[in-house]
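> Kindly return the folded structure for what I paste below:
(one chain, ligands or ions: 1)
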Amino acid sequence: MNSLSDTFVLNSGKGIPCIGFGTWQTPDGETAVNSVKYAIQSGYRHIDTAAIYGNEKSVGQGIRESGTDRSELFITTKLWNSDRGYEPALKAFDTSLKKLGLDYIDLYLIHWPENKANSAKVNSDTWRALEKLYRDGAVKSIGVSNFLEHHLRSLLDSAETVPAVNQIEFHPGQMQHETVSFCKSNGILVEAWSPLGTGKMLNNPELAEIALKYGKSVAQLCIRWVLQNEVLPLPKSITPCRIEENTNVFDFEISCADMQTINSMPYFGGSGLNPDTVTY
Ligand code: A2P
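Model (predicted):
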């Protein structure tokens, strides 16, 4: 990867720009509009939002105000947990599309797997709705988020379409090896939410020392490290200089030895959210 518009290729055949602009915890309104607009004007071609973030309307406005042609952009949104099931999922998709003001979505994800009673059926009914949207062309690729290996195995039992993406928490100290290796061996691209550990990576002295060697910030080191693990990073920022800083990751390469050092860091800075036990 040499630039923000370089792509990974999904199992749907579509290209997905290699760094996505994250919008989790980006307040709705002016902040979301301006940060999305600024990100696109800084070269990001991939924006990641979700119904539960509450900012789809403003994200859509930022996209339009950026002046960049829709066909050059890759937009992801996600189905919230209260909308699981076939019919509710179709309705929720429609609502997201309208809020964003778009006529198609590039990637639509199930945000979290159902983890309570009847979970396999609920997840597969929801997936059938995404498959219909995919067949109809309303969404160009479909995927999941926060699915562990057993959720994926169970989904694949009845799925017609293999998810194109699994978006999971992934940063130094939280690599989810088992999930990542299952995804890679099944042609599912892994996306990293919170590649900076929602900021918790940034004061780590070990990462700071490695970043210094390359003349880079810890944020840039983490984003590059995600890419070198063949995972797609989704850094979030509402601050113009950081939005730009996080794009400057193509002019250095982390050595094998440093990759190994970072890859073997023990667990730290994780959200603690476990898809098997979250209560929402
Ligand atoms: P802000 O949005 O206020 O600029 P993650 O992507 O892991 O969820 O991390 C997002 C957090 O990291 C946000 O608090 C964001 O702050 C902060 N952040 C993003 N990029 C940088 C950067 N280059 N330097 C410092 N902090 C950053």
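
> show me where the stretch 101-250 of the chain has strands.
105-110, 139-145, 165-169, 189-193, 232-233 (DSSP state E, counting those that start in this stretch).

> Just tell me which of these ends up closest to the ligand.
Proximity to the ligand (C-beta to the nearest ligand atom) singles out strand 189-193 among those, at 7.0 Å. Placement of C-beta: from N, CA and C, glycine included.

> partners of the closest one in the sheet?
Strand partners for strand 189-193, identified by DSSP bridges, are recorded as strand 165-169 (parallel), strand 232-233 (parallel).

> could I get the ones you listed as CSV with mean neighbour count and mean pLDDT?
Listed next are those as CSV, based on neighbours: other C-beta atoms under 10 Å; pLDDT from 0 to 100:
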stretch, mean neighbour count, mean pLDDT
strand 165-169, 25, 98
strand 232-233, 25, 98
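
> Could you give the number of residues near residue 188?
Using other C-beta atoms under 10 Å, residue 188 has 23 neighbouring residues.

> For it, give me its contacts.
Residue 188 is in contact with 11, 143, 152, 162, 163, 164, 165, 166, 182, counting by C-beta atoms under 8 Å, 6 or more residues apart in numbering.

> Would you mind checking these for buried ones?
11, 143, 152, 163, 164, 165, 166, 182 (16 or more other C-beta atoms under 10 Å).

> Can you tell me, leaving aside adjacent residues, what's nearest to the fourth one?
Spatial nearest neighbour of residue 163, excluding adjacent residues (C-beta to C-beta, 6 or more residues apart in numbering): residue 143 at 4.3 Å.

> surely that neighbour meets residue 164?
Yes. Using C-beta atoms under 8 Å, residue 143 is in contact with residue 164, at 4.7 Å.

> and the stretch 151-280 of the chain, which of its residues are near the ligand?
Proximity of the stretch 151-280 of the chain to the ligand, by C-beta under 6 Å from any ligand atom, involves residues 194-199, 202, 217, 219, 235-239, 242, 245-246.

> Kindly recompute the last result at 8 Å.
The stretch 151-280 of the chain has residues 171, 193-202, 217-220, 222, 234-239, 241-243, 245-246 near the ligand, with proximity defined as C-beta under 8 Å from any ligand atom.

> list residues touching both of residue 143 and residue 164?
Counting by C-beta under 8 Å, 6+ apart, the residues touching both residue 143 and residue 164 are 107, 188, 189.

> contacting residues around the helix ranked longest in the chain?
In the chain, with assignment by DSSP state H, the single longest helix is helix 119-136. Residues outside helix 119-136 that contact it (C-beta under 8 Å, 6+ apart): 12, 79, 84-87, 89-90, 93, 108, 110, 113-114, 139-142, 144, 151, 154-155, 157-161.

> residues in contact with the residue lying closest to residue 108 once chain neighbours are set aside?
Leaving aside its chain neighbours, residue 108 sits nearest to residue 139 (4.3 Å; criterion: C-beta to C-beta, 6+ apart). When contacts are counted by C-beta under 8 Å, 6+ apart, residue 139 touches 93, 104, 105, 106, 107, 108, 130, 133.
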